[in-house]
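Student: below: sequence and its predicted model.
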Amino acid sequence: MSSKFSLGPAMLFVPADRPERFTKAAERADAVIIDLEDAVLPEARGAAREHVVSTPLDPERTVVRVNPVGSDDFEKDLDALRRTQYRWVMLAKTESAAQTQLLAGFSVVALCETALGVTRAQEIAQAENVAALMWGSEDLVASLGGFSSQYDDGRFRGVIRYGRAAVHVAARAFGKESIDSVVLDIADHERLLGESRDAFATGYVAKACIHPGQVAVIRDGFRPSREQREWAYRVLDAAKNELGAFRFEGEMVDEVVLKRARRLAG
């Protein structure tokens, strides 16, 4: 099963063992990611799975993150999912297309957050039931044997930027969508806005977050500025009277520029 990815731009993680937060998260974000993996202690996952089953949200706006293939919890997570209407699944630490085939009947968001997952991103992006790819910085640096994904000023280190780019390019090369990773510093809205604007500018369709207060910032970052929209309207209006490439406001306009204008115009 595969579906056209239409979630976002702000996707909010909520721990699966906190069902009292499910509805609130759904009210505030564009989509909810109910997390059975990192946000839940191993001893609490059994109860968390029951919360996923007994506290339903809109299945069209909900993704469930399951534990990695090969973990003790993976099959248990799937058994619980089959008792629900949810069909969007985020597979933690995806490392091959074969792993996504274990999720037959679901539309998969492949979370490429290990060195092997990044290396195989092109293979994973070609899997039939994969609708989108997402990357993750902290698990990636851990899989590399490191301990810090960022410089002191918050910028990602080079190898982490490479991982982000590799996953994004692989997704778009095979017609799948890309989701940008979270900002862990909840209070750093400046960084979150900058990352969101960069993600929007380079073709991501969504960004994940971990706190409701980050939702509005992401939405703002994925929204064209007034100046960008006005430029788009002007150039598209001018194109109605032109055949082929033409000069507009000092810039040569061809089909690539027009595609950018159409996206900004919405």
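Tutor: Arrived safely.

Student: Ala98 is in what secondary structure piece?
Tutor: helix 97-101 (DSSP states H and E).

Student: so what strands line up beside the next helix or strand after that helix?
Tutor: With elements assigned by DSSP H and E, the helix or strand that comes after helix 97-101 is strand 107-112. Each strand paired with strand 107-112, and its direction, by DSSP bridges: strand 88-91 (parallel), strand 130-135 (parallel).

Student: could you redo those as TSV and give each row mean pLDDT, distance to Thr202 and mean neighbour count?
Tutor: In this view, the C-beta of every residue, glycine as well, is placed from N, C-alpha and C. Below are these laid out as TSV (pLDDT from 0 to 100; distance: least, C-beta to C-beta, whole Å; neighbours: other C-beta atoms under 10 Å):
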stretch	mean pLDDT	distance to Thr202	mean neighbour count
strand 88-91	98	21	25
strand 130-135	98	13	26
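
Student: could you dump the ones you listed to JSON lines with distance to Arg223?
Tutor: Below are the strands paired with strand 107-112 laid out as JSON lines (distance: least, C-beta to C-beta, whole Å):
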{"stretch": "strand 88-91", "distance to Arg223": "24"}
{"stretch": "strand 130-135", "distance to Arg223": "20"}
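
Student: nearest to Asp180, of those?
Tutor: strand 130-135 (7.6 Å; C-beta to C-beta).

Student: let me see the residues that make contact with that closest one.
Tutor: 2-5, 88, 90, 97, 100, 107-113, 118, 121, 124-125, 163-164, 167-168, 170-171, 176-181, 205-206, 208 (C-beta atoms under 8 Å, 6 or more residues apart in numbering).

Student: among these, name the buried ones.
Tutor: 5, 88, 90, 97, 100, 107-113, 118, 121, 124-125, 163-164, 167-168, 170-171, 176-181, 205-206, 208 (16 or more other C-beta atoms under 10 Å).

Student: Leu264 is in contact with Trp231, correct?
Tutor: Yes. With contact defined as C-beta atoms under 8 Å, Trp231 reaches Leu264; the gap is 7.4 Å.

Student: Asp73 against Leu36, yeah?
Tutor: Yes. Counting by C-beta under 8 Å, Asp73 touches Leu36, with 7.0 Å between them.
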